[in-house]
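Asker: Pasted the sequence and its predicted model underneath.
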Protein chains: 2
Amino acid sequence: MSRRTTANGTGGTQPAAGGAPEDESGPKGRRSRISTRQKLFHAAVTLIAEQGFSSTTVEEIAERAGVAKGTVYYNFSSKTELFEELLRHGVGLLAADLQQAATETVAAGGTRVDALDRMIRAGLVFIDRYPAFTQLYVAELWRTNRAWNDTLLVVRKQAVAIVEEVLQDGVREGELSEEIDVPLTAAALVGMVLVAALDWKAFQPERSLEDVHAALSLLLQGRVGGGARLR
Amino acid sequence: MSRRTTANGTGGTQPAAGGAPEDESGPKGRRSRISTRQKLFHAAVTLIAEQGFSSTTVEEIAERAGVAKGTVYYNFSSKTELFEELLRHGVGLLAADLQQAATETVAAGGTRVDALDRMIRAGLVFIDRYPAFTQLYVAELWRTNRAWNDTLLVVRKQAVAIVEEVLQDGVREGELSEEIDVPLTAAALVGMVLVAALDWKAFQPERSLEDVHAALSLLLQGRVGGGARLR
DNA sequence: ACGCTTGGACTGACTGGTCAGTTCAAGTAT
DNA sequence: ATACTTGAACTGACCAGTCAGTCCAAGCGT
């Protein structure tokens, strides 16, 4: 009895997602569990993105967060649980951004294609802010036989569903071709943004977000062929 | 001295890439180093795709390949080297397929967009045949601080360059818009195919390759908007 | 304005287990 | 002979998770 390191007392919804370069200026001297968890998220997301889950040790995470190893286990019941909470938290943020972009655009009288374009931008902004999280997500998503598979599935659905919904609406209202396959197209769009953005960050970080967005817009709107619309 | 298990004697270019569901009916009784290496590639690619590199043990690989652990070290100098050769070998196959699709289409008088479409198909066929390899490649590509980072970089360039070349040719000959950003568009196209295909395999494996190809073609050719070309 | 208690947050040495890589004597096919 | 394979034993490093104990702010009685 007595101890129980489950530590779920605070509920959910801490501000920092893990990747946020926010400076630590919480309730100063006071030790708060919440800020410790944030520091751990931040440290973990970076390290796991770099090295993968299995090659990242709990001690490394603790060290980078500036706490002792025991503290990790005081705040999370296991390495896996820390990781799962990280996933849930990060995708929650992304989903909120995407949803907002979609809703705002439609409310302002934009087309569905406009909405998709705005969502692409929102995705890019997110990846720009939390590259490590994105990296880690992509690296883990299609693995099988992993402890957190269920979490990943749920979390993926949460994000993809928003794109699918916009596509669906577009088809229903005749703005998009009835030929399109909603789930596959959604996956392709997400992939387009994900991979282009990761490549941007990894191999040509000097480019601006605008450049990347423009390139993807062109693809989305099918204006790749014919500069002067030849043929 | 004496031993040196570097084992690079055979050169390169073994037939099986790792993921091939080919049945093992080589020169029966004959024990050849080459077929052992193939079995090891096959076993390793599957396991690493499922679990990741670090969580896959050499003994697991040996066991699934049906050989002893010592044999792994007779054929490869280390776990990492086995993995690196796997990467080189797999991407070599993919690059050959892509190149062939592009060359053939252009030779037969197709447009560059046709060529891209054929390359998408070639990509899908490859992923269909070697899903595990693709999975593993995506999972590792954007990691940093890994031993085989250089190998990955080389190998990535090899594949992406082919797509970039076709885009470049298209722009030069006026078939594609001069507005397009070749490297970014190439990355986006690759991502589109990669992610759509992995999603297909992971979440809707009942769909046919044709379905997936059709969905991606639609996107490539910008025929997503307006079924009856409204507006 | 001060000793005493409480309990939440944190610590880090320690344990038990796992795994890459080594070594080698013996086996098998050509 | 030569090339390849086996299997088992061993080493040494590394690591997830544990636990007895420290630290300290806040409450409490005096």
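Answerer: The structure has been received and is ready for your questions. Numbering: from 1, shown residues only, chains lettered A, B, ... in the order given.

Asker: which one is the residue in chain A that chain B sits nearest to nearest to, not counting chain neighbours?
Answerer: Ranked by Cβ to the nearest Cβ, the top residue of chain A for proximity to chain B is A:Gly222, at 1.1 Å. C-beta: built from backbone N, CA, C; applies to glycine. Among residues not flanking A:Gly222 along the chain, B:Gly222 sits closest, at 1.1 Å (Cβ to Cβ, 6 or more residues apart in numbering or on different chains).

Asker: Over to A:Thr134?
Answerer: A:Thr134 sits nearest to A:Ile127 (Cβ to Cβ, 6+ apart), 4.7 Å away.

Asker: Can you give me every residue that contacts that neighbour?
Answerer: Contacts for A:Ile127 (Cβ atoms under 8 Å, 6 or more residues apart in numbering or on different chains) come out as A:Thr134, A:Val193, A:Leu194, A:Ala197, A:Leu198, A:Lys201.

Asker: Also A:Glu165?
Answerer: Counting by Cβ under 8 Å, 6+ apart, A:Glu165 has contacts A:Ala102.

Asker: what does the one 4 residues further on give?
Answerer: With contacts defined as Cβ under 8 Å, 6+ apart, the neighbours of A:Asp169 are A:Val106, A:Arg112.

Asker: hmm, 6 Å instead?
Answerer: Contacts for A:Asp169 (Cβ atoms under 6 Å, 6 or more residues apart in numbering or on different chains) come out as A:Arg112.

Asker: how near is it to DNA strand C?
Answerer: Distance of A:Asp169 to DNA strand C, computed by Cβ to the nearest atom of the strand, to the nearest Å: 45 Å.

Asker: Kindly report the same for A:Asp117.
Answerer: Taken as Cβ to the nearest atom of the strand, the span from A:Asp117 to DNA strand C is 43 Å.

Asker: what about the closest residue to that residue other than its chain neighbours, helix or strand, and which?
Answerer: Nearest residue to A:Asp117, sequence neighbours excluded (Cβ to Cβ, 6+ apart): A:Ser217, at 5.6 Å. Using DSSP states H and E, A:Ser217 sits within helix A:209-220.

Asker: starting at the chain centroid, how far to that helix?
Answerer: Centroid displacement of helix A:209-220 relative to its chain, using Cα atoms, centre = their mean, to the nearest Å, is 19 Å.

Asker: Can you pull out the low-pLDDT segments for chain A?
Answerer: A:1-31, A:225-231 (pLDDT under 70).

Asker: Mind telling me which residue of it is nearest DNA strand C?
Answerer: Distances between chain A and DNA strand C by Cβ to the nearest atom of the strand are smallest at A:Gly70, namely 2.0 Å.

Asker: for that residue, helix, strand, or coil?
Answerer: The three-state label given to A:Gly70 by DSSP: H, G, I helix; E, B strand; the rest coil is helix.

Asker: cool, the one 3 residues further on as well?
Answerer: For A:Tyr73, the secondary-structure state derived from three-state DSSP is helix.

Asker: Give me the nearest residue to A:Leu82, chain neighbours excluded.
Answerer: A:Phe76 (4.1 Å).

Asker: Check whether the helix or strand harbouring A:Ser35 comes into contact with DNA strand D.
Answerer: Secondary structure assignment for A:Ser35, by DSSP H and E: helix A:33-51. No: if you take Cβ under 7 Å from any atom of the strand as the test, helix A:33-51 misses DNA strand D, and the best it gets is 9.4 Å.

Asker: quick one on the thing from earlier: ok and the helix holding A:Ser217 relative to helix B:209-220, angle-wise?
Answerer: 120 degrees (axes from the mean of the first three to the mean of the last three Cα atoms, to 10 degrees).

Asker: distance between the ends of stretch A:46-65?
Answerer: 11 Å (Cα to Cα, to the nearest Å).

Asker: Following the helix or strand harbouring A:Thr80 in sequence, what is the next regular element?
Answerer: Assessed by DSSP H and E, A:Thr80 sits inside helix A:79-107. Downstream of helix A:79-107, the next assigned helix or strand under DSSP H and E is helix A:112-129.

Asker: Which elements pack onto the following helix or strand past that next one?
Answerer: For helix A:112-129, the succeeding helix or strand toward the C-terminus, using DSSP H and E, is helix A:131-141. On a contact count with 3 or more Cβ pairs under 6 Å, 6 or more residues apart in numbering or on different chains; DSSP states H and E, helix A:131-141 meets helix A:33-51.

Asker: buried set for the helix it packs on?
Answerer: A:35-51 (16 or more other Cβ atoms under 10 Å in any protein chain shown).

Asker: Likewise for stretch A:91-100?
Answerer: Result for stretch A:91-100 [16+ other Cβ under 10 Å]: buried residues A:Val91, A:Gly92, A:Leu93, A:Leu94, A:Ala95, A:Asp97, A:Leu98, A:Gln99.

Asker: circling back: and the residue nearest to A:Gly222, that one's in a helix?
Answerer: No: assessed with three-state DSSP, B:Gly222 is coil; it does not lie in a helix.

Asker: what's the spacing between it and B:Leu176?
Answerer: Separation of B:Gly222 from B:Leu176 (Cβ to Cβ, to the nearest Å): 12 Å.

Asker: Compare those two (neighbour count), which wins?
Answerer: B:Leu176 (25 against 16; other Cβ atoms under 10 Å in any protein chain shown).

Asker: Please tell me how far that one sits from A:Lys69.
Answerer: 55 Å.
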